[in-house]
Every structure is written in structure tokens, then in C-alpha cells.
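Peer 1: Structure of the sequence below:
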Amino acid sequence: MRKEKIAVLGASDITLAFKAIGMDVYDANSIGEASEKLKLLARNYSVIFITEDLAMQIEEQIERYRNRTYPAIIPIPSSSGSTGYGVANIKKDVEKAVGTDILFND
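Peer 2: Numbers count the residues shown, from 1 in each chain. A predicted model of the protein is given here:
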């Protein structure tokens, strides 16, 4: 049974901040490492925050979880700032659910 837990996956400079507030954090500094850790985390966590830089590199793997209830995989900015990847995915999901762009009115 899946526990209602939250994990953060990314480079250590980002994960340390989340660790300070009590979240489970996992460092990944390469595509291979991120891919393997995501597989393990998906079995045990309801929500997984992953830095945008890693998410973009393993997008195909993340896509496999998109239509499942759990885990929710949410891209967050890395230490170098936002690439816009996370916001673009939220926009795409809202458009799919609602049928139109209600967030940005593009």
C-alpha cells in the first residue's frame, strides 16, 4: 500500500533545502541515476518533485506515469532557475482536462 509521502529528486544543492523542512530527498546528478531513482520512488511515494533539468532529460520515463493516479511527478526549478518546463506541463494538463487554456489565455 502506498503511503502519502513526498519525495524530492534532484541535485544536492536543491534537495538540501527540502530536507531541512522534513521531506525525503534523493540526490541524482546524472540521467541514469535520476531514471533509476525515479523507478524506486514511484513505488513508495504519492508525490515526487523533480528538478526541471532532470525531468527534461527523462521526460519519456515520466510520461509513463502521467495517466496514473500515483505518483504525481511535479517538475520544480533547479538552482539555475526555471526553464519554463514545469509551467508548460501544467498548462498542457489543464488544457487537456478543461479543453481550453484557462491559465494563460494564449
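
Peer 1: Could you pull up the residues touching Val8?
Peer 2: By C-beta atoms under 8 Å, 6 or more residues apart in numbering, the contact set of Val8 is Ile14, Thr15, Phe18, Lys19, Met23, Asp24, Val25, Tyr26, Ile48, Phe49, Ile50, Ile76. Heads up, the C-betas are built off the backbone N, CA and C, glycines and all.

Peer 1: What remains of the residues you listed if I keep only buried residues?
Peer 2: Those of the contacts of Val8 that meet the buried threshold are Ile14, Thr15, Phe18, Asp24, Val25, Tyr26, Ile48, Phe49, Ile50, Ile76, by 16 or more other C-beta atoms under 10 Å.

Peer 1: which residues sit against the helix or strand hosting the first one?
Peer 2: What that stands for is Ile14. Using DSSP states H and E, the element containing Ile14 is helix 12-20. Here helix 12-20 makes contact (C-beta under 8 Å, 6+ apart) with Val8, Leu9, Val25, Tyr26, Asp27, Asn29, Phe49, Thr51, Ile76, Ser78, Ser79.

Peer 1: In JSON lines, list those along with distance to Asn67, secondary structure and pLDDT.
Peer 2: Compiled in JSON lines, these are given as follows (distance: C-beta to C-beta, whole Å; DSSP: H, G, I helix; E, B strand; the rest coil; pLDDT from 0 to 100):
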{"residue": "Val8", "distance to Asn67": "23", "secondary structure": "strand", "pLDDT": "95"}
{"residue": "Leu9", "distance to Asn67": "20", "secondary structure": "strand", "pLDDT": "95"}
{"residue": "Val25", "distance to Asn67": "27", "secondary structure": "strand", "pLDDT": "94"}
{"residue": "Tyr26", "distance to Asn67": "24", "secondary structure": "strand", "pLDDT": "95"}
{"residue": "Asp27", "distance to Asn67": "28", "secondary structure": "strand", "pLDDT": "93"}
{"residue": "Asn29", "distance to Asn67": "29", "secondary structure": "coil", "pLDDT": "83"}
{"residue": "Phe49", "distance to Asn67": "19", "secondary structure": "strand", "pLDDT": "92"}
{"residue": "Thr51", "distance to Asn67": "23", "secondary structure": "strand", "pLDDT": "92"}
{"residue": "Ile76", "distance to Asn67": "21", "secondary structure": "strand", "pLDDT": "88"}
{"residue": "Ser78", "distance to Asn67": "26", "secondary structure": "strand", "pLDDT": "76"}
{"residue": "Ser79", "distance to Asn67": "31", "secondary structure": "coil", "pLDDT": "68"}
